[in-house]
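K.L.:
can't give you the sequence, but here's the structure:
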């Protein structure tokens, strides 16, 4: 075997012209639309095989196939170009003014839009992101999460672990409960003495 | 490793009866991926078997009706890759090749992936997706993945591979429902926007990425399997357990199957008596009673033993023990300069030498193939079982014991053991002749975790084997028996000739005995007498041996006919009391211990099987090797039988 390639695989999106190329987390240190991409990819844009703009997500690169081209015929070409480009992460130019916290924010958004968000919403809870500062995420737990004894577990085992998968340099997650927490229903049923 | 369920079915049968217009879905998957379990669960027992044109790889096709839709499902041979090495894999590659001239490509493919070995299986999935045919994936053994602390996000996996993914564990009914609905919709299955790459480094990258995304956690090595293997794969304990298991099995054959065999024999005895009483024409009565019932019935009576043999073989295989047995023996074989693959071929020969000889196709070197082929027919195949049971039954009675253990089982075990040792010795000798010294190629064998064999799969294997046995009885054995009956009953003697010879023409038994003694078959048997005289065989045994060249079971049928002429009610009793007609032993019992032992040993070594000779010819490419095999086995059989006869004769 020659050199080992960066592991990638394409997934379909709602737009048949756009494929989401799943790449290992942390391959590129930024999110958004890069202001410049390495030569192998740039050549394909110049040739019209690719069109539109590159969108970088924490664990994916979205590419759009050009008019008159198809993924089925030109896909292998794009695959090789993308892998060559991913092997040179230093040659990708991040969007101007982008910081590491933008990457973290994208990771958090992805987690909340995905499985962990589904889980929380399914239990009637709400997670609001308050601040993202220097690798630390502060969230507020609302809805059914507020006052729920299992919320700490959810934040730690599900949310934090998922964010860390997308952003390994995460410093930590701070959870704050929403103002005026309601007492749990069981306690409300008990007689209160004032 | 797959043991063919055994029977020497004629290759090249056509698969008729299915409407070619129906959509065809093919099951693709690696060996042991649960593909056949899924196939059986989907099609039930309505499967047809045949062969792929040109090669002797069995083809399984079944019909499924779901709601109002009819589908044809084909179970392709198990394969790890579409880059073919063995004939089995070549069949899969050819079937999936859209441009292949003779094989029709299926309309869609169902790929079974063993969730516990997903990394390896994805390589094949990548190749299958590259064909561009509609594909859906069925994940199997997900229960085992969970039990062994592995995990997989199935939804993410489906997104990553881009085709429908379902999990079906062990063909469970509730999981089959969604699969059946999906199968009907095969034309609407989504295709991946971009098929996986073909270049090796890119495939590795694709597999890695898919597994990471689906958060695949590799299952731990099964703790139960590890603990059990510590004993079963141990050079000493493992070997002891292996032999103990075999030993117990041969005891079971006699204690469990014998009563059923007894009932069958009584049934045939009753039928035969009824025929004698109710059919007026003497010739037709003799043909039905002695020829058909005495001959074929005599063989059918061994059905219980055949069924039990295949219960054991299929339990050993389905539980994962067969691979361990092969692994254990590999060490022994390696010392002799043979490889483990050769033992796999020999092990397959326990069912029938033909799948065993086929299995030598996995051997990369032609010399190793030939030497294994020369040994395989010595393994005790299921066709020898009826002969052994009959002769061992005559040799020692069921009540005889060696210590606390039944003597019949001990002798049977010894026969299997000697057969196996002789097969290995023979393979070793042939591999020595003109061998170029070269390194042994590495031998990979999968050690599947121990799995509880499902009653259904064991049942199916036994059913297949019994059906194969009955088909053989119906074709080869029935036709040979009819020819033999004719030879045993011509020429026809007039009453006057018989009276002149002092035979009471009103005594049926006496007339039959006279007819057989002066028949065409008797002349042939007497003609070869000089060859077998030193072994103590008379012309009746000779006729049996000659007839058994077509198939070994025919020996039992012949003895049945001969004995039925003497004692129509109880052929088994008749056999016991046959006496030698001429020569120095005249008047003594024909089946003396020395003769029985010599016969057993003769059948252990002799290549009495036309089908095996045919397969040897086809697989080795010339008549040279079948001639060598037949020749050397006959010489060894004769010599060993002679020596055994001498030793047993001296002891008794």
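P.N.:
Looks like it arrived, so ask away. All of these numbers come straight from a predicted model, not from anything done at the bench.

K.L.:
host element of residue 112?
P.N.:
Chain wasn't specified; assuming chain A. Per DSSP states H and E: residue A:112 is located in helix A:100-113.

K.L.:
the chain in question should be chain B.
P.N.:
Secondary structure assignment for residue B:112, by DSSP H and E: strand B:108-114.

K.L.:
the helix or strand following that strand - contacts with which helices or strands?
P.N.:
On the C-terminal side of strand B:108-114, the nearest following helix or strand under DSSP H and E is helix B:118-129. If contacts are counted by 3 or more Cβ pairs under 8 Å, 6 or more residues apart in numbering or on different chains; DSSP states H and E, helix B:118-129 sits against strand B:24-29, strand B:108-114, strand B:135-140, helix B:200-213. For every residue, glycine as well, the C-beta is placed using N, CA and C.

K.L.:
and helix B:118-129 with strand B:135-140, angle?
P.N.:
Using axes from the mean of the first three to the mean of the last three Cα atoms, to 10 degrees, the direction of helix B:118-129 lies 160 degrees away from that of strand B:135-140.

K.L.:
before we move on, back to that, identify whichever of the helices and strands packed on helix B:118-129 lies nearest to chain A.
P.N.:
Distance to chain A, taken as Cβ to the nearest Cβ, is lowest for helix B:200-213 among the helices and strands packed on helix B:118-129, at 3.7 Å.

K.L.:
what's the closest one packed up against?
P.N.:
Using 3+ Cβ pairs under 8 Å, 6+ apart, the elements in contact with helix B:200-213 are strand A:9-12, helix A:71-86, helix B:118-129, helix B:154-161.

K.L.:
let's see it at 7 Å
P.N.:
Counting contacts by 3 or more Cβ pairs under 7 Å, 6 or more residues apart in numbering or on different chains; DSSP states H and E, helix B:200-213 packs against strand A:9-12, helix B:118-129, helix B:154-161.

K.L.:
number of residues surrounding residue 41?
P.N.:
Going with chain A. Close neighbours of residue A:41, defined as other Cβ atoms under 10 Å in any protein chain shown, add up to 24.

K.L.:
ah, I was thinking of chain B
P.N.:
If you count neighbours by other Cβ under 10 Å, residue B:41 ends up with 18.

K.L.:
doesn't residue B:176 make contact with it?
P.N.:
Yes: the pair residue B:41 and residue B:176 passes the contact test of Cβ atoms under 7 Å, sitting 6.0 Å apart.

K.L.:
flag every residue of chain B that's near chain A.
P.N.:
Proximity of chain B to chain A (Cβ under 7 Å from any Cβ of the partner chain) is limited to residues B:159-160, B:162, B:193-194, B:197, B:200-202, B:205-206, B:208-210, B:212-213.

K.L.:
show the buried residues in the residues you listed.
P.N.:
For the residues of chain B next to chain A, a burial check counting by 16 or more other Cβ atoms under 10 Å in any protein chain shown picks out B:159-160, B:162, B:193-194, B:197, B:202, B:205-206, B:208-210, B:212-213.

K.L.:
now those in TSV, with pLDDT?
P.N.:
Below are these laid out as TSV (pLDDT from 0 to 100):
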residue	pLDDT
B:159	89
B:160	91
B:162	91
B:193	84
B:194	89
B:197	90
B:202	90
B:205	92
B:206	93
B:208	91
B:209	92
B:210	92
B:212	89
B:213	87
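
K.L.:
between the residues you listed, which sits nearest residue B:451?
P.N.:
Residue B:451 has its nearest neighbour among those in residue B:210, at 26.2 Å by Cβ to Cβ.

K.L.:
tell me the contacts of the closest one?
P.N.:
A:9, B:122, B:160-161 (Cβ atoms under 7 Å, 6 or more residues apart in numbering or on different chains).

K.L.:
check residue B:347 too.
P.N.:
Residues near residue B:347 by Cβ under 7 Å, 6+ apart: B:322, B:325-326.

K.L.:
what do you get for residue A:47?
P.N.:
By Cβ under 7 Å, 6+ apart, the contact set of residue A:47 is empty.

K.L.:
ok, the one 10 residues further on next?
P.N.:
With contacts defined as Cβ under 7 Å, 6+ apart, the neighbours of residue A:57 are A:31, A:106, A:110.

K.L.:
hmm, try it at 8 Å
P.N.:
Residue A:57 makes contacts with A:20, A:31, A:106, A:110, as judged by Cβ atoms under 8 Å, 6 or more residues apart in numbering or on different chains.

K.L.:
tally of neighbours for residue 125?
P.N.:
You didn't pick a chain, so chain A it is. Look at residue A:125: counted by other Cβ under 10 Å, it has 19 neighbours.

K.L.:
not quite, go with chain B.
P.N.:
Neighbour count for residue B:125, taken as other Cβ under 10 Å: 22.

K.L.:
ok, now residue A:110?
P.N.:
The number of residues packed near residue A:110 is 21, by other Cβ under 10 Å.
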